[in-house]
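Chemist: When you get a sec, could you give me coordinates for this:
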Amino acid sequence: MSPQPAPLALHPDRLLPVDPAVRAVARRLYDEVRDLPILSPHGHVDPRMLLDDVPFRDPAQLFVTPDHYVTRLLHASGVPLEELGVGEGPLSEPAAREVWRHLCSRWDVFRGTPVRYWLESELADIFDVTVRPSADTSDVIYDHLAERLGQDAYRPRALFERFKIAALATTDDPCDDLSVHAALVADDTWHGRVIPTFRPDRYLEASDAGWPAAVALLGATAGVDTSGYAGWVAAMENRRQYFIEHGARSADHAHLDAGTAPLDPAEAERVYRSALAGTATHAEGVALRRHMLLEMARMSTEDGLTMTLHTGVLRGHHDPSKRRFGPDTGHDIPIRGDFTEPLRPLLERFGTHPNLKLVLFTLDETVFSRELAPLAGFYPAVYIGAPWWFLDAPDSVRRWRAAVTETAGLSRTSGFIDDTRAFCSIPARHDMSRRLDSGYLAQLVAEHRLDEDEAAAAAVDLVSGRPRAVFGL
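Modeler: Got it, this is the predicted structure:
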């Protein structure tokens, strides 16, 4: 007789403190927030999925192919990206089943990772999977998931409501006409809130080869002549206003560094025209981007868009994979973070401005207590973004919370950011954050550093109050 497959069961106290007395407090705090609606101020879900409300194709293209958290570890374990469907478009049923088999047969490589935690939560909580993925259970689980995906209750809109998502922000190109967002607003059968986010990265990177064409497109979309520096700035302002009219609450920036050094007007004009002509040096292009990032902060003080800054990632570290599969396919690698000096020009101008909210994210843990917490602990405009990407793991979140709270407190943080393309991982990620914060606050209560009623109020504020205050949701 073959052995029975191992069960997949989620412990109700997962991620809560081990000490029984502290765990009891954490349970009570978690009960205060576990069912609160989800506010997602930053993510990468395609809004067309919710507009069209077409059933998800298959388990592979829901859980594996679009999720670089999943594909990168499988790739590190010897599975080529093309065998995971990356860059391949819609998969045939046999191909999708084979992708799923790669995940299940290598389930062990995810031990101890947040990816394992999220996937188990998705499979068990949303899809009622009861056996652990493995080579032997791959087809059984695939068939179970495929059957569920054919039901109306598992279509995107139904899951959006089941997940209790109160607001979902997408990430959008400044030249997007936002017609999908407008169609969702106009749809009388849809009552969810999906808002765009202004993401102008490629229009700021003047040292990139495609930048002149990008700026020309920006100008054409805005109806502004971008042959000179002033037109570039005006086109940005025009498109920001267009996004605001369609519900945007933030402008998101992801660059290699956080530099904001200003250029004098004549130099900005000279470098801008040189970059358009393709004759600017790489250093000049970087200087223009840093100058424009300072301008984007100025725009936020005028139009009210929260400014989020994600820096310190070398995008496309493996150039052969980037050329073949494109960006966001698992080979972006963190570098050292640096904020204090690079942001000084911006903060000297706007750090005390009542209309600026600047949320700083990093992948460098060494700057949590050295730079981010002190900056947020002085400047009214600065908030500390939740651990993101490689750091959105249980132990990293605990280290972050301990490192920043002692200097900046709880109120100077952003609320949780799921930053995901994997739609079904949204509730798992937010639940993870709620459990971890409940545990952290319970420890403060157990040490008599915080009364339990204050801890309960803080737990609710971290889930609901912070994202509403910081992002205006």
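
Chemist: so what's Arg202 closest to, chain neighbours aside?
Modeler: In this structure, Arg202 finds its nearest non-sequential neighbour in Ala214, 5.2 Å apart by Cβ to Cβ, 6 or more residues apart in numbering. Using the backbone N, CA and C atoms, a C-beta is placed for each residue, glycine as well.

Chemist: What is the burial count for the one you found?
Modeler: 21 (other Cβ atoms under 10 Å).

Chemist: Using CSV, list the CA coordinates for stretch 304-314.
Modeler: Output of stretch 304-314 as CSV, limited to C-alpha atoms (Å, rounded to 0.1, in the frame of the first residue of the first chain):
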residue,chain,number,x,y,z
GLY,A,304,-1.2,66.1,-3.3
LEU,A,305,0.0,62.8,-4.7
THR,A,306,1.8,60.8,-2.1
MET,A,307,5.4,60.2,-3.3
THR,A,308,6.8,56.7,-2.8
LEU,A,309,10.4,55.9,-3.4
HIS,A,310,11.7,52.4,-4.0
THR,A,311,15.4,52.4,-4.5
GLY,A,312,18.5,50.1,-4.3
VAL,A,313,17.7,47.4,-6.8
LEU,A,314,19.9,46.5,-9.8
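
Chemist: Need the contact partners of the least confident helix or strand in the chain by mean pLDDT.
Modeler: Ranked by mean pLDDT, DSSP states H and E, the helix or strand of the chain with the weakest confidence is helix 319-325, at a mean of 85. Here helix 319-325 makes contact (Cβ atoms under 8 Å, 6 or more residues apart in numbering) with Leu81, Glu82, Val86, Gly87, Gly316, Thr329, Gly330, His331.

Chemist: what about burial for these, which qualify?
Modeler: In the contacts of helix 319-325, burial by neighbour count holds for Leu81, Val86, Gly316, Thr329, Gly330, His331, counting by 16 or more other Cβ atoms under 10 Å.

Chemist: so which of these comes closest to Gly150?
Modeler: Using Cβ to Cβ, the shortest approach to Gly150 within these belongs to Val86, at 25.0 Å.

Chemist: From what I see, that closest one and Gln61 are in contact.
Modeler: No. With contact defined as Cβ atoms under 8 Å, Val86 does not reach Gln61; the gap is 10.8 Å.

Chemist: list residues touching both of those two?
Modeler: Shared contacts of Val86 and Gln61 (Cβ under 8 Å, 6+ apart): none.

Chemist: Just to check, the residue nearest to Arg202 is in contact with Tyr203?
Modeler: Yes. Taking Cβ under 8 Å as the definition, Ala214 is a contact partner of Tyr203 at 5.3 Å.

Chemist: Name all residues that make contact with the residue nearest to the spatial centre of the chain.
Modeler: Computing the C-alpha centroid of the chain and ranking residues by Cα atoms, centre = their mean puts Asp419 first, at 1.6 Å. For Asp419, the contact set (Cβ under 8 Å, 6+ apart) comprises His42, Gly43, His44, Trp388, Trp389, Asp392.

Chemist: any idea how far Phe127 is from the second one?
Modeler: What that stands for is Gly43. Distance of Gly43 to Phe127, given as Cβ to Cβ, to the nearest Å: 21 Å.

Chemist: Likewise for Asp13?
Modeler: Asp13 is 22 Å from Phe127, by Cβ to Cβ.

Chemist: cool, and His253?
Modeler: Computed as Cβ to Cβ, the His253 to Phe127 distance reads 36 Å.

Chemist: Could you check the pLDDT of Arg289?
Modeler: As predicted, Arg289 sits at a pLDDT of 98.

Chemist: That one against His253, yeah?
Modeler: No. Applying Cβ under 8 Å as the test, Arg289 and His253 come out as separate, 9.8 Å apart.

Chemist: which residues are common contacts for these two?
Modeler: Shared contacts of Arg289 and His253 (Cβ under 8 Å, 6+ apart): Leu204.

Chemist: right, and the secondary structure at Phe227 would be what?
Modeler: Slight slip there: residue 227 is Ser, not Phe. Of the three states, Ser227 takes coil according to DSSP: H, G, I helix; E, B strand; the rest coil.
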